[in-house]
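> Quick one, structure for this:
(2 chains)
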There are 2 protein chains.
Amino acid sequence: MKKGMIKVSVLYPNGEGKTFDMDYYMNSHASLVTDTLGDALVEVSYDKGLAGGAPGSPAPFIAIANLFFNSMEEFGEAFSTGAPILIADIPNFTNIEPVIQINEVLT
Amino acid sequence: MKKGMIKVSVLYPNGEGKTFDMDYYMNSHASLVTDTLGDALVEVSYDKGLAGGAPGSPAPFIAIANLFFNSMEEFGEAFSTGAPILIADIPNFTNIEPVIQINEVLT
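Have a look, this model is predicted:
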């Protein structure tokens, strides 16, 4: 059960001229995320966008990472030191500026 | 493990003049989702937006629902009959037109 956990989603919006190296993302960046955030990162999942809601429409987001933390405090501590390292790696796989959404898991 | 599953995210973008009744959403709409999609819906989770990535910024999305299906076929069958019922309920809790993202869960 993840109820009550802090879920930080990192969404990469699709768009014209946007590039995204899914191999680098999953094989290199994902490891960097795990190593950088350490024990504060309780769980992580990665989604690949397939489509939008309207028939034949592209996915609004090329990829979404979902990072789970036990509390805002633990997320804040991990990100204050880790975020610069992770952000510096982004140009290695995409020219997209990700959207960050901090959630509380309701259920 | 959800790897390989189809994850359909329904995202409600935040914005000026947007309204969202979280109580109705969680206490009434969520039940309608479960009842309408039936056994095809393997799992569902709901997120409440707390904040954005920049300090003090609002959450890009007020709420996000994540619906898990075993395959695109099972999702398609469940949504072809269920979507009109669910869409008709949306004005009961929000004036937001949700963004729909169909994902493959990579890990």
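> Give me the contact list for stretch A:22-35.
A:41, A:44, A:46, A:48, A:63, A:65, A:67, A:85-86, A:89-90, A:92-94, B:106-107 (Cβ atoms under 8 Å, 6 or more residues apart in numbering or on different chains). Placement of C-beta: from N, CA and C, glycine included.
> and chain A, which of its residues are near chain B?
Within chain A, the positions adjacent to chain B are A:2, A:6-7, A:9, A:11, A:26, A:30, A:44-54, A:59-61, A:64, A:72, A:99-107 by Cβ under 8 Å from any Cβ of the partner chain.
> Narrow those residues to those in strands?
Within these, residues falling in strands by DSSP state E are A:6-7, A:9, A:11, A:44-52, A:61, A:64, A:99-105.
> and stretch A:28-43, average pLDDT?
Averaging pLDDT along stretch A:28-43 gives 98.
> rewinding a little: can you turn the buried part of the residues of chain A next to chain B into a ChimeraX selection?
To isolate the buried members of the residues of chain A next to chain B in ChimeraX, using 16 or more other Cβ atoms under 10 Å in any protein chain shown:
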select /A:6,7,9,11,26,30,45,46,47,48,49,51,52,53,59,60,61,64,99,100,101,102,103,104,105,106
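> Which of the contacts of stretch A:22-35 sits closest to B:Thr36?
A:Lys48 (26.3 Å; Cβ to Cβ).
> What number of residues are in the vicinity of A:Ser80?
9 (other Cβ atoms under 10 Å in any protein chain shown).
> ditto for A:Phe69
Neighbours of A:Phe69 under the rule other Cβ under 10 Å: 22.
> residue contacts, it?
Counting by Cβ under 8 Å, 6+ apart, A:Phe69 makes contact with A:Met5, A:Ile6, A:Lys7, A:Val8, A:Ala40, A:Leu41, A:Val42, A:Phe75, A:Ala78.
> excluding its backbone neighbours, what's nearest the second one?
Nearest non-adjacent residue to A:Ile6, counting by Cβ to Cβ, 6 or more residues apart in numbering or on different chains: A:Phe69, 4.4 Å away.
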